[in-house]
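pasting a predicted model and its sequence here:
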Amino acid sequence: MYGWIWQRLPGGTAARTVQVVVLLVAVGLALWFLVYPWASLHLPFDQAGVG
Amino acid sequence: MRVSVRLYLRISGEILITLGVVVLGFMAYMYWGTAIREGAAQRAFAGQLGQQWSGANQSLAALTNPADLALGKPFALMRIPRFGARWQFAVVQGTGLPQLALAPGHVPGTALPGMIGNFAVAGHRVTAGNPFWSLPSMRAGDVVDVETIAGTYEYVVTGKPQWVAPGDSAVLAPVPGHPGQAPSRRMITLITCDPPWSGTSRVIVTGVLVRLLPRQQGIEG
């Protein structure tokens, strides 16, 4: 999976490394600011209500 | 065949490792991300309340009408000295997860601060700044201050924390624990979950109003 992505990135090793870092940061930001906030409001952790 | 088996094993291994990292990231978000989100919201809430309370429109000095409360909007500041001098949280209306993610929430339908009946507030034990982490350590005589536009209502805890089932709505009754009885006292009930992270049971702490310290113009409470 990751090998497949690496092979399809254009450019040399340095250019690919930069692209990989950009991709990882983008995925991390999407998780932290979109996916995790959404999930935290829909998973039944620490339920505090009564009734 | 042998090559494709190794390929599938490698791909599934990569997927499993990726999922593990994603789940670890979610744990980190629950510990730190929710606290950051809650902290930013609390600063905004405190600013909103400060503006409302210092505004010229003091004609409605008391908070007596439940219709004045909007879901997710702050209306009070809660302070509990037992939890530390700096422990202060804005209280919002509503106890859904979107509200509790930002602040302890007032249970809709229960009394307002200072009113006869039961002012019930639920808050997270963990996540969102862990507002009610220390609730099980509260004891009779501990003070719970609730500041509204009218001033600071001082409640005093009347007994040890109680553990109840998640469905035990009797603790929310106007006379806590005695649904159907007509209230004569001004009570407060604080609710959180136990054990932390779970929905297994609830810890509740009950108190009674002892006095109202009216707001002094020009002096920050």
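Arrived safely, thanks for sending.

identify the residues contacting B:Lys199.
Wrong residue type there; residue B:199 is Gly, not Lys. A:44, A:46-47, B:166, B:193 (CB atoms under 8 Å, 6 or more residues apart in numbering or on different chains). Heads up, the C-betas are built off the backbone N, CA and C, glycines and all.

for chain A, which residues are neighbours of chain B?
Within chain A, the positions adjacent to chain B are A:1-2, A:28, A:31-32, A:36-37, A:39-42, A:44-51 by CB under 8 Å from any CB of the partner chain.

let's see the pLDDT reported for the residue in chain B positioned nearest to chain A.
Using CB to the nearest CB, the point where chain B gets nearest to chain A is B:Ser169, with a distance of 3.2 Å. Among the per-residue scores, B:Ser169 holds a pLDDT of 89.

excluding chain neighbours, what is closest to residue 49?
As the question left the chain open, I've gone with chain A. Sequence neighbours aside, B:Thr95 is the residue nearest to A:Gly49 in space, at 4.6 Å (criterion: CB to CB, 6 or more residues apart in numbering or on different chains).

chain B was what I was after
Counting by CB to CB, 6+ apart, B:Leu49 lies nearest to B:Pro74, which is 5.6 Å off, once chain neighbours are set aside.

and for residue 2, the neighbour number?
No chain in the question, so chain A it is. A:Tyr2 has 12 neighbouring residues, counting by other CB atoms under 10 Å in any protein chain shown.

other chain: chain B
One way to gauge burial is a neighbour count; for B:Arg2, by other CB under 10 Å, it gives 6.

list the buried residues of the helix or strand containing B:Ile15.
When elements are defined using DSSP states H and E, B:Ile15 is found to belong to helix B:2-28. For helix B:2-28, a neighbour-count test (16 or more other CB atoms under 10 Å in any protein chain shown) marks B:25-26 as buried.

what do you get for stretch B:158-174?
Of all the residues in stretch B:158-174, those buried under the rule 16+ other CB under 10 Å are B:158, B:161-162, B:164, B:166, B:168, B:170-174.

what does stretch B:84-100 give?
Taking 16+ other CB under 10 Å as the basis for neighbour counts, the residues of stretch B:84-100 that come out buried are B:88-95, B:97, B:99-100.

in terms of contact, does B:Thr206 touch B:Ile191 like I think?
No. Counting by CB atoms under 8 Å, B:Thr206 does not reach B:Ile191; the two are 10.0 Å apart.

give the residues shared as contacts by the two.
Both B:Thr206 and B:Ile191 are in contact with B:Val171, where contact means CB under 8 Å, 6+ apart.

those two: which is more packed in?
Neighbours around B:Thr206 and B:Ile191, counted as other CB under 10 Å, are more numerous at B:Ile191. The numbers are 28 against 23.

what about stretch B:120-133, distance to the chain center?
A distance of 5 Å separates the C-alpha centroid of stretch B:120-133 from that of its chain, computed with CA atoms, centre = their mean, to the nearest Å.

okay, the residue nearest in space to the middle of chain A: pLDDT?
Central residue of chain A (CA atoms, centre = their mean): A:Val27, 2.8 Å from the mean position. Per-residue confidence at A:Val27 stands at 96 (pLDDT).

now do the phi/psi pair for the residue nearest to B:Gln99 when sequence neighbours are not counted.
With CB to CB, 6+ apart as the measure, B:Gly105 is the residue that lies nearest to B:Gln99, at 4.4 Å, once sequence neighbours are left out. The phi/psi pair for B:Gly105 (degrees, to the nearest 10) reads phi -120, psi 140.

what's the spacing between B:Gly105 and B:Thr34?
B:Gly105 sits 15 Å away from B:Thr34, going by CB to CB, to the nearest Å.
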